[in-house]
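K.L.:
Have a look at this prediction, sequence included:
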Amino acid sequence: MRLPCIKHELVAGFNLSRTDVNSKALFNDTTPLDVFNPVYGPVTGASLPDFDIKNTAQQLGFYLQDQITLAENFKVLLGGRFDIANQEAKDLIAQTNDFKQTEAFSPRVGIVYQPIKPISLYASYSRSFNQAVDLFGPALPEPERGTQYEIGVKADLTDRLATTLAFYDLTRTNLSTTDPNNPQRTIQVGEQRSRGIEFDISGEILPGWNIIAGYAYTDAEITRDNTLTVGNQLNNVPRHALNIWTTYEIQSGSLKGLGFGLGAFYYGDRQANLANTVELPSYVRTDAAVYYKRDNYRAAINIKNLFDTDYFVSAQNVNRIIPGDPLTVQGTISWQF
């Protein structure tokens, strides 16, 4: 009896990061200024420092992953990451020093099963770790954690065209929210959840004709908070997003290597803030390209926002809404060696 051959693919590594931020604000008492008859002069009054904080955050992470082939059509992925993170916040005005250190293990598990060769069914579970940093206050005791479940199917429609359909559920916990007993401070009890469906198709439809297209439905909302309304949508996340990009390259003749590209990108309505008081409108942006390839050389002209559409990309808050770039033309010449 011949036993099945089990294969292992191991990946291991580590990373180290350090961030130093000094936050300082100074205010001055000044004499009044008449805007209709201004009299300019030196700033008078004493400097009044509002805050002066030196913040240092460090993180060391180790990870190990093993992709195990149990059979030709069945694979298992097992992995994990261990993080050690700390934050030190020195208030140079109050002469206080706050230090917090946390450790966390984040597992990762996945399986892939192929009932037939062109079809792959997969499922995965993973945790994530992010050391939260408060730049203007004491060190935060808990890291932000994420938990994600995902299932999906990948199908090879032809030997050059593939499609993927995925369903996911992602929850973030330990988010900072206002302390009901002290509005000047925050506590880490907030929670946000994103659920959605993603579909994409990519590959070569006909010789020289390639396509990349995708659709995403995302339901991203606040699920726990002390001040914000539970059920509010997360900012900058559209419920519906659609993109399609296609290129055609001439395959023979004197114009071989000449190609053209055209694509459209749709983003639905999005909230500008977590309070959901301002909404960014949906938009469609169209891009195009012309390129020429010969041997190791490539020249291209890329056009972004072909029809010079006015739109908003995102918002940091209701007072900082970022507009999209106008019609932009970029030319490139490259040589590979």
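P.N.:
On my side now, so go ahead.
K.L.:
what number of residues lie near Y113?
P.N.:
Residue neighbour count, defined by other C-beta atoms under 10 Å, stands at 14 for Y113. (Glycine included, C-beta is placed from N, CA and C.)
K.L.:
So it: helix, strand or coil?
P.N.:
Following DSSP: H, G, I helix; E, B strand; the rest coil, we place Y113 in the strand state.
K.L.:
right, and it touches I119 too?
P.N.:
No: the criterion here is C-beta atoms under 8 Å, and Y113 misses it with I119 at 9.1 Å.
K.L.:
what's the spacing between L255 and V290?
P.N.:
To V290, L255 is 12 Å away according to C-beta to C-beta, to the nearest Å.
K.L.:
out of those two, which sits in the more crowded spot?
P.N.:
V290 (14 against 11).
K.L.:
check contacts around the more buried one.
P.N.:
L258, G259, F260, G261, A300, I301 (C-beta atoms under 8 Å, 6 or more residues apart in numbering).
K.L.:
So which of the residues you listed belong to strands?
P.N.:
L258, G259, F260, G261, A300, I301 (DSSP state E).
K.L.:
among the residues you listed, which ones are buried?
P.N.:
G259, G261, A300 (16 or more other C-beta atoms under 10 Å).
K.L.:
For the second one, which non-adjacent residue is spatially closest?
P.N.:
It stands for G261. Nearest residue to G261, sequence neighbours excluded (C-beta to C-beta, 6 or more residues apart in numbering): A289, at 3.7 Å.
K.L.:
tally of neighbours for that neighbour?
P.N.:
A289, neighbours per other C-beta under 10 Å, totals 18.
K.L.:
Next, find the distance separating C5 from Y113.
P.N.:
Taking C-beta to C-beta, one finds C5 at 18 Å from Y113.
K.L.:
Same question for V39.
P.N.:
On the measure of C-beta to C-beta, V39 and Y113 end up 80 Å apart.
K.L.:
Could you do N305 as well?
P.N.:
For N305, the distance to Y113 - C-beta to C-beta - is 43 Å.
K.L.:
Likewise for N243?
P.N.:
29 Å.
K.L.:
Of the buried ones among the ones in strands among the contacts of V290, just say which sits nearest to N174.
P.N.:
G261 (43.3 Å; C-beta to C-beta).
K.L.:
Quickly list what the closest one is bridged to.
P.N.:
T247, A289 (DSSP bridges).
K.L.:
ditto for G196
P.N.:
Going by DSSP bridges, G196 forms beta bridges with Y168, T218.
K.L.:
same question, E150
P.N.:
Beta-bridge partners of E150, as defined by DSSP bridges: S124, Y168.
K.L.:
Make sure it is actually in contact with F167.
P.N.:
Yes: E150 lies in contact with F167 (C-beta under 8 Å); the separation is 6.9 Å.
K.L.:
Would you mind giving the ones in strands among the contacts of V290 as a markdown table with distance to I333 added?
P.N.:
As requested, the ones in strands among the contacts of V290 are arranged in a markdown table below (distance: C-beta to C-beta, whole Å):
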| residue | distance to I333 |
| --- | --- |
| L258 | 15 |
| G259 | 15 |
| F260 | 18 |
| G261 | 17 |
| A300 | 8 |
| I301 | 10 |
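K.L.:
Closest one to S282 out of those residues, please.
P.N.:
G261 (23.5 Å).
K.L.:
And the pLDDT for that closest one?
P.N.:
Predicted confidence (pLDDT) at G261: the value is 97.
K.L.:
Repeat that for the one 3 residues further on.
P.N.:
Confidence per residue is given as pLDDT, and for A264 that number is 97.
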